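**Student:** Got a predicted model here, sequence first, then my questions.
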Amino acid sequence: MNDIKKFKYTDILGWSVSRYDRFSNCKRQYFYDYYAKFNKDIPLEKIQFLKSLTSKPLETGNIAHDIIKDILKRFQISAKPINKDKFFKYAFNMTEKYCNSKTFFEHYYKGEIISTSEIYTKIKSVLENFLNSPRFSWIERNAVPQSSQWVIEPDGFGETRINGFKAFCKVDFLFPIDDKIYIIDWKTGKADEKKHSRQLTGYSLWANYHFDKNATDIVSMIVYLYPQYNEKSVKVNDSVISKFANTVETETKDMHEYLIDIEKNIPKDKKEFTLTGNTFFCNYCNYKEICPGNKF
Ligand code: SF4
């Protein structure tokens with residue numbers, strides 16, 4: 001599992017579920033996220049600062065992901081059971097460290113005082129749900145013996161090729177058991193059936209490309225860790241793969257429409273990146289301070 005294919009760097013844009021989501025939701029937000037350096041009337045540092053704002057739900061997911069990653073890496077060194085007292089102390093310290101080093105959207109725009117203990121309460125539930133789940137015991141029993149083969153949040157962004165187009169599908173955790181490959185993606189937020197199914201299919205294609213595995217030998221699942229433990233898997237076969245590959249091609253071409261140079265990934269003028277009319281997206285948008293459409 002350690003022979004992930006490498007690609008030579010190019011400027012060409014790479015499709016991902018989150019990139020196309022951003023593109024679909026608001027073209028201007030997409031411009032600020034991906035083409036800030038082409039913005040002429042707002043300092044780059046300002047846009048980068050706004051982009052870096054985190055939020056309580058986002059940071060909860062980020063911290064939980066990093067702690068789970070550490071648990072799995074620890075299993076690659078030792079199969080001994082986890083000392084829960086020490087583990088939760090570590091989890092609290094990590095929460096405190098992350099929260100103190102970030103600027104939160106809720107604080108920046110609403111003046112809210114961010115409570116580490118409130119965030120930790122949710123993270124503790126997430127981690128308890130994870131450690132008490134049948135899936136965790138199953139991993140300990142069945143997957144730990146082959147832990148040297150695990151892929152845990154691989155370096156980079158999970159680059160791959162789909163129908164010849166650059167794409168990014170970064171898996172959280174991939175591991176083999178017998179002749180199957182399992183892929184797990186952890187979620188701490190609400191279930192989003194459509195988006196998460198797309199992500200799972202993308203992960204299957206990533207594994208299919210990098211490890212030459214048949215689609216039917218890849219089991220991808222989303223594991224929801226809050227408020228209760230829940231799993232969802234997608235069955236991928238050749239027909240799903242080919243339909244998905246066509247979607248990636250169409251969506252990549254949609255994004256190319258906003259470029260003046262596809263090879264160099266140079267965008268059209270900012271005014272072509274129109275503002276959304278959907279105030280829901282604006283409510284949660286990091287860029288509302290600089291956006292001319294800001295009505296809040
Ligand atoms: S404030 Fe609204 S219109 Fe402006 S970038 Fe954000 S989502 Fe788009």
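**Tutor:** Received it, and whenever you're ready, just let me know what you need. All figures in this text were calculated on a predicted structure; none of them were measured in a lab.

**Student:** residues from the chain in reach of the ligand?
**Tutor:** Residues of the chain lying near the ligand by C-beta under 6 Å from any ligand atom: 26, 28-29, 275-276, 281-282, 285, 287-288, 291, 293-294. To be clear about C-beta, it is placed using only N, CA and C from the backbone, and glycine gets the same treatment.

**Student:** quick one, phi/psi of the residue sitting furthest away from the middle of the chain?
**Tutor:** Distance from the C-alpha centroid of the chain peaks at Asp41, with 30.4 Å (C-alpha atoms, centre = their mean). Note on Asp41: its backbone torsions stand at phi -100, psi 0 [degrees, to the nearest 10].

**Student:** would you turn the residues of the chain next to the ligand into CSV with pLDDT, secondary structure and neighbour count?
**Tutor:** Below are the residues of the chain next to the ligand laid out as CSV (pLDDT from 0 to 100; DSSP: H, G, I helix; E, B strand; the rest coil; neighbours: other C-beta atoms under 10 Å):
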residue, pLDDT, secondary structure, neighbour count
Cys26, 97, coil, 23
Arg28, 97, helix, 21
Gln29, 97, helix, 22
Leu275, 96, coil, 15
Thr276, 95, coil, 18
Phe281, 94, helix, 15
Cys282, 94, helix, 20
Cys285, 96, coil, 24
Tyr287, 97, coil, 22
Lys288, 94, coil, 18
Cys291, 94, coil, 20
Gly293, 77, coil, 16
Asn294, 67, coil, 12
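
**Student:** so where is the chain shaky, pLDDT-wise?
**Tutor:** Along the chain, the model assigns pLDDT under 70 to residues 1-2, 294-296.

**Student:** Then Ile119 would be within a helix, right?
**Tutor:** Yes - according to DSSP: H, G, I helix; E, B strand; the rest coil, Ile119 belongs to a helix.

**Student:** Now do the strands in the stretch 101-250 of the chain.
**Tutor:** Listed in chain order, the strands of the stretch 101-250 of the chain (DSSP state E, counting those that start in this stretch) span residues 151-152, 159-162, 165-168, 173-177, 180-187, 218-224, 230-234.

**Student:** quick one, which of the ones you listed is nearest to Gly111?
**Tutor:** Evaluated over those, closeness to Gly111 peaks at strand 180-187, with 29.2 Å, by C-beta to C-beta.

**Student:** CA-only coordinates of the closest one in PDB, if you can.
**Tutor:** Output of strand 180-187 as PDB, limited to C-alpha atoms (Å, rounded to 0.1, in the frame of the first residue of the first chain):
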ATOM      1  CA  LYS A 180     -10.100  -6.200  -0.100                       C
ATOM      2  CA  ILE A 181      -9.200  -2.500   0.400                       C
ATOM      3  CA  TYR A 182     -11.200  -0.600   3.000                       C
ATOM      4  CA  ILE A 183     -11.400   3.200   3.000                       C
ATOM      5  CA  ILE A 184     -12.900   5.100   5.900                       C
ATOM      6  CA  ASP A 185     -13.700   8.800   6.000                       C
ATOM      7  CA  TRP A 186     -14.500  10.300   9.400                       C
ATOM      8  CA  LYS A 187     -17.200  13.000   9.800                       C
END
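
**Student:** and the angle from it to strand 218-224?
**Tutor:** 20 degrees (axes from the mean of the first three to the mean of the last three C-alpha atoms, to 10 degrees).
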